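**Q** only geometry, no sequence info:
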C-alpha cells in the first residue's frame, strides 16, 4: 500500500512514524527544501532515525513509507525519485523536483517501453519499479501526465507541492496530509487494509481536476474539484484506456495500442 505524509505545519510524532513503518517497513524516504533546491534522503531503515532527522527540517517536507509491492527492497527503489533524465537510484541528492507515489500501476512496463520506442531512446540502467517508470515518463512528458494516472502522487519542487488522486486525509486545517489511513486501521483492528473505509470511487480510473490550495504551497487534485470540462476529459481518457484493454484481449500486441503515425503515447491525446 505505501504511505505518503505531507508535513505542512505539523511534524509527525515518533509513535505515528513507528505505526506507519509497521505497515510499510521497506524503507523511508524524505524530501525537503533547502537553498532554493529540493533535497532528498531515502532508504532509511528505522523510524527513530527518520524522526530525529525530520525534527530539524524546514516545513513543508514529505515522507514516504514503502511497502515493496513492485520491485525489490533495494534502498534505491524507495521514494522519492528525482525528476531527472535518468531517474537515478541514488539514496540522496539535490534536484529541482521529485515524485512520490502511493498505489499500484498496471501495464507500466508496456507504457515505459512504448515511450522509449516512440522516442527511440534507451532506458537507464538499474532496477525498475512502477514508480521509477512513471517518473521517467513524467520527466519527458511533464507533470500533467499525473492527471490521468491512478493512485496518489506528490510532485514536490522548490516552489510547490501538488497532490494528485482521491481520498487524501487532512489532519487539522491543512497541518498534515496522509495518502491513506490503513497504517492506523491496522493498529486498531484485524480488518485487513480497510478498503471498505476508503472514499467511494477509489481507484475507479484516471482523473483530471482543477485542484485547490489547501495550505502554503500545497495543491490537491481530486474528484471533488473536477469541472465539467475535466470530467469530459477524464471520460475520454478512460474510454481510450478501455479500448486499449479490449484490443489487448483481442490479441493486439503491446506496442500496437499507440498511434505510430501520430507518435502518440498512451493517454497523451
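**A** Now that the structure is in, tell me what you want to look at. For clarity, every value in this text was computed on a predicted model and none was experimentally measured.
**Q** I'd like the distance between residue 172 and residue 16.
**A** For residue 172, the distance to residue 16 equals 13 Å [CB to CB, to the nearest Å]. C-betas here are computed from N, CA, C, even on glycine.
**Q** what pLDDT does the model give residue 82?
**A** Predicted confidence (pLDDT) for residue 82: 98.
**Q** that one - how many residues pack around it?
**A** As a burial measure, residue 82 scores 22 neighbours (other CB atoms under 10 Å).
**Q** what about residue 172 and residue 16, which has more around it?
**A** In terms of neighbours (other CB under 10 Å), residue 16 is the more surrounded of residue 172 and residue 16; the figures are 19 against 11.
**Q** assumed the more buried one was part of a helix.
**A** Yes: checked against DSSP: H, G, I helix; E, B strand; the rest coil, residue 16 lies within a helix.
**Q** and it, how far is that from residue 62?
**A** Counting by CB to CB, the gap from residue 16 to residue 62 is 15 Å.
**Q** contact partners of stretch 3-15?
**A** If you take CB atoms under 8 Å, 6 or more residues apart in numbering as the criterion, stretch 3-15 is touched by 20, 23-24, 47-48, 51, 54-55, 59-65, 79, 100-102, 152, 154, 161, 163, 171-172, 174-180, 182-183, 215-218.
**Q** mind checking the SS state of the nearest residue to residue 91 once chain neighbours are set aside?
**A** Setting aside the residues directly before and after it, residue 91 is nearest to residue 43 in space (CB to CB, 6 or more residues apart in numbering), at 4.3 Å. Put simply, residue 43 is strand when judged by three-state DSSP.
**Q** just residue 94 next, same as before
**A** strand.
**Q** bridging residues for it?
**A** Residues in a beta bridge with residue 94, per DSSP bridges, are residue 39.
**Q** any stretches of the stretch 1-150 of the chain with poor pLDDT?
**A** Along the stretch 1-150 of the chain, no part satisfies pLDDT under 70.
**Q** for it, which segments count as strands?
**A** With strands called from DSSP state E, counting those that start in this stretch, the stretch 1-150 of the chain shows them at 3-7, 28-34, 37-44, 61-65, 81-82, 92-95, 97-102.
**Q** so which of those is nearest residue 121?
**A** strand 81-82 (17.7 Å; CB to CB).
**Q** show me what the closest one is packed up against.
**A** Where contact means 3 or more CB pairs under 8 Å, 6 or more residues apart in numbering; DSSP states H and E, strand 81-82 is packed against strand 97-102, helix 130-141.
**Q** show me which residues of the longest one are buried.
**A** In this case it means helix 130-141. Counting neighbours by 16 or more other CB atoms under 10 Å, one finds that the buried residues in helix 130-141 are 130, 131, 132, 133, 134, 135, 136, 137, 138, 139.
**Q** closest to residue 93 among these?
**A** Using CB to CB, the buried residues of helix 130-141 come closest to residue 93 at residue 135, 13.2 Å.
**Q** name the nearest residue to that closest one, ignoring sequence neighbours.
**A** Closest to residue 135 by CB to CB, 6+ apart is residue 81, at 4.1 Å.
**Q** right, and the one you found touches residue 91 too?
**A** No: assessed by CB atoms under 8 Å, residue 81 is found out of contact with residue 91, at 11.3 Å.
**Q** more neighbours: these two, which one.
**A** For residue 81 versus residue 91, neighbours defined as other CB under 10 Å are more numerous around residue 81 (29 against 16).
**Q** ok, the more buried one - contacts?
**A** Residue 81 is in contact with 87, 98, 99, 131, 132, 135, counting by CB under 8 Å, 6+ apart.
**Q** would you mind giving those residues as a markdown table with distance to residue 111 added?
**A** Listed next are the contacts of residue 81 as a markdown table, based on distance: CB to CB, whole Å:
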| residue | distance to residue 111 |
| --- | --- |
| 87 | 14 |
| 98 | 20 |
| 99 | 15 |
| 131 | 13 |
| 132 | 12 |
| 135 | 12 |
